[in-house]
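In: fold the following for me, if possible:
(2 chains)
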Amino acid sequence: MDENLVDLVVTSSPHIRDKARVSFIMRAVLIALVPATIAGLYFFGIGHTLGVIIVSILSAIVAEYLSCLMFRKKATVHDLSAAVTGLLLALTLPPSSPYWMVAVGAFVAIILGKWIFGGVGSNPFNPALVGRAFLMISWPTYMTIWVKPFTQSVFPPTDIITTATPLNIIKLKGFSDLLTMFDGSRLIMYKSLFLGNVAGSIGETSALLLLLGGIVLIVKRIIDWRIPAGFIGTVFVLSAVFNRDPIFSILSGGLFLGAFFMATDYSSSPITIKGRLWYGISLGVLTVIFRQFGASPEGVMFSILIMNCFVPFFDKMLPRVYGHFAPKRKVSI
Amino acid sequence: MKEFTFKTGGVHPKENKLTKDAPFVHLDPPAVAVIPLSQHIGAPNTPLVKVGDHVKIGQVLGSTNAFVSAPVHATISGEVVAIELRPLPSGIRAQSVIIKNDFKKKWVSGLKGIKSLESSSREDLIKNIRDKGIVGMGGATFPTAVKLSPPKDKTINVIIANGAECEPYLTTDYRVMMEYPEKIIDGLLVEMKITGAERGIIAIEDNKKNAAVLLEENVEKRGLDNIEVVLVKTKYPQGGEKQLIKAVLGKEVPAEKLPLEVGAIVQNIGTLKAISEAVFEGKPLIERGVTVSGPAIKKPGNYTIRIGTTVTDIIQQTGGLTRKLRKLVFGGPMMGIAQSTVEVPVTKGTSGILFFGEEALEMAPQEEMPCIRCSRCIDWCPTGLMPLLIDHAWRRNDIKLTETLNATDCIECGVCSYVCPSKRYLTENVRNAKQKILKQRKIEAAKQAAFEKIKALKEKKAQEAKEKLDEGGKADG
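Out: Numbering: from 1, shown residues only, chains lettered A, B, ... in the order given. Sure, this is the predicted structure:
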């Protein structure tokens, strides 16, 4: 045998791999977020809103790059996870957020939310929500300016019309007051909420487009349906129990964005199948409790951050192993 | 025809069955055959020939009296030129008989099959299977005669012929089904007679429907109402013994037990053909069907190859390579073993030989990325394991935890590594953990046995001393 023709490499099986890399998954998440992003641009004006999104993504990427240098790791910018964090952060911010604040949020998300714990896969909390929580506590005024759709058209924003979010109105005034804003018709209210023609964060208003992106990710098996289904389903049922309009409850606020794109973050959500369902249900319970009894009208962000702490608990809900007929009780991991 | 499948996990990699429509072609017997003395799981054979001996085709080269074993036969006639260590496809070096072909094609005399199944006893059939060196040809190489001799207290109700062939590239079983359907049914009938099983099931993946139709026709033609042909979903690892049992019978084999625990035996298609030839024609296992495929081989195809033919020979006989050979895999791409040399021979367990060029390195990248906890390995694991946790535990050398996480239940199908977006060595590390646990258990058992022995010896000594004392006392008195 000609020696030039044979130069064998020996590796362990399997010798073929699926095409899905980390960057493939992250790209899919980015694509799934495009419809909701476009809706944000449509409702809150392309000028400043687009700026917020771009600043957020770029800052996240720069922060990621600097972190890699700081922690002496191989550059991981190309896996796109920083871009996803940047986009997700932007979508949770008010459309009128100042750029410097967005940049600070992105840096906090990447460095304090992720790299402090060791980078991608090691963060116990959702990085984008860590960034948002930081901004919420540091600059609450900027974080509660809610732009009325179609009023932030010029760049830079000068005379925007601010309003309250639907959940805010319920908290401050009551459901009947909210209904009068929609000519007293629940149907019109549902439609506005479903399409996104209400005040809120850039990416949270259009339930329809978030649902679309979420379903794509579920069908592609990039996220597990159990987390969003458990989360949204529980909010629906429990809201009815507390005599809150269940359809309004699931369509308003950041529930869809949180349920499909935040709670499903790989490193901060449970790895077990059973655990994910219970995690989703717990998130729903917490969110309704926050909305009903909390000082702030919305509870999705803090629900997710709090339940992130309990992920190790859900990780112990091990699946049944083939050939073992009674589940193992005590496993400490 | 009903369709079945296992539910938990599993993937569907690109099938790449390039050689689906290529009928078996006989390769010429090699000029020099390298025949490993032990090609089965179990006790090693002792050589029955010596250097300088002249052997004929079908002559026994090595055997042993141990229960779990299978003899090895000469696959060409000629002179034994050496008995030495040679590399095996499994990665080890083992005693092999090197035969120089005299091209006289002389067969050993006295190879005779049985006249009819009805007039043969169970023992005769088992003896035939054992003497002809039949082992599981799907890759596990467990001696078939042993598999068909379950303990007295176990009853076998069903034999499942495994025609799933879920590995990409491989088409050996498919071609056997298309070309020798009657032999598969004969082999199945032999096994049913031996074990007393009332039912025979031939399970075939639904990407091979025409094979299923052909077998169904043959079964009907012979009026066999105790044999059923079923379709199973095309999904890897549908052909895994445990998965197939779950799919077809709806039962699970208890952990660390054999399929006979649920009254079933799963048998590879090629093995059934070999059984039929051994029993009815008296033919020892000297050649087998092998899928030769992959992008780096000029003429991919299904070849009937003498055992002991080296890869070098196969490359030459099939017309050479298309590009520089970077990876040589024995078996399928999911579970096969990468070879370090082209001098390895075809053995009884070689179902396929895959040739890859540079693209193999792209297909199975060697650089790992950090785990992102996406849990794909958990969601897709057909056994319900937690590969990422076992991997973490193995990396920090926590063998106890890998055992708690049931690493020993791993079937090493490769799905976890296949789906991992960070390309981590999950299968490899779970396999490592599993082997380490099994090794520790073995050591522990040996230790325990030694302790018992010492204890027994000490007791005996004490007893003797006591008796001596008693006797002494008596004498004094």
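In: roughly how far apart are the residue of the stretch 51-200 of chain B found nearest chain A and B:Ala338?
Out: Going by Cβ to the nearest Cβ, chain A is nearest to B:Pro168 of the stretch 51-200 of chain B, at 6.9 Å. To be clear about C-beta, it is placed using only N, CA and C from the backbone, and glycine gets the same treatment. B:Pro168 sits 15 Å away from B:Ala338, going by Cβ to Cβ, to the nearest Å.
In: do B:Asp124 as well
Out: Taken as Cβ to Cβ, the span from B:Asp124 to B:Ala338 is 42 Å.
In: quick revisit: neighbours around the residue lying closest to the residue of the stretch 51-200 of chain B closest to chain A once chain neighbours are set aside, how many?
Out: Nearest non-adjacent residue to B:Pro168, counting by Cβ to Cβ, 6 or more residues apart in numbering or on different chains: B:Asn16, 4.7 Å away. By other Cβ atoms under 10 Å in any protein chain shown, 18 other residues sit near B:Asn16.
In: in chain B, which residue is closest to the centre?
Out: With distances taken as Cα atoms, centre = their mean, B:Ala140 lies nearest the centre of chain B, 1.7 Å away.
In: what packs against the biggest helix by length in chain B?
Out: Looking across chain B with DSSP state H, the single longest helix is helix B:426-476. For helix B:426-476, the packing partners by 3 or more Cβ pairs under 8 Å, 6 or more residues apart in numbering or on different chains; DSSP states H and E come out as helix B:387-395, helix B:399-404, helix B:415-419.
In: right, and these - which one's nearest B:Asn429?
Out: helix B:387-395 (4.5 Å; Cβ to Cβ).
In: for the closest one, name the packing helices and strands.
Out: In terms of contacts (3+ Cβ pairs under 8 Å, 6+ apart), helix B:387-395 is packed against helix B:376-380, helix B:399-404, helix B:426-476.
In: what angle do helix B:426-476 and that helix make with each other?
Out: Orientation of helix B:387-395 against helix B:426-476 (axes from the mean of the first three to the mean of the last three Cα atoms, to 10 degrees) gives an angle of 60 degrees.
In: more crowded one of B:Asp124 and B:Ala338?
Out: B:Ala338 (23 against 13).
In: for the more buried one, give me its contacts.
Out: A:Leu8, A:Val9, A:Val10, A:Thr11, A:Ser12, A:Ser13, A:His15, B:Lys327, B:Leu328, B:Val329 (Cβ atoms under 8 Å, 6 or more residues apart in numbering or on different chains).
In: secondary structure class for the closest residue to chain B within chain A?
Out: Here the residue of chain A nearest chain B is A:Pro14; by Cβ to the nearest Cβ that distance is 3.3 Å. Put simply, A:Pro14 is coil when judged by DSSP: H, G, I helix; E, B strand; the rest coil.
In: was I right to think it contacts B:Tyr425?
Out: No. With contact defined as Cβ atoms under 8 Å, A:Pro14 does not reach B:Tyr425; the gap is 10.4 Å.
In: so which of those two has more stuff around it?
Out: Per other Cβ under 10 Å, whichever of A:Pro14 and B:Tyr425 has more neighbours is A:Pro14, with 30 against 19.
In: in contact with that one, which residues?
Out: With the criterion set at Cβ under 8 Å, 6+ apart, A:Pro14 makes contact with B:Pro333, B:Met334, B:Met335, B:Ala364, B:Gly414, B:Val415, B:Ser417, B:Tyr418, B:Thr427.
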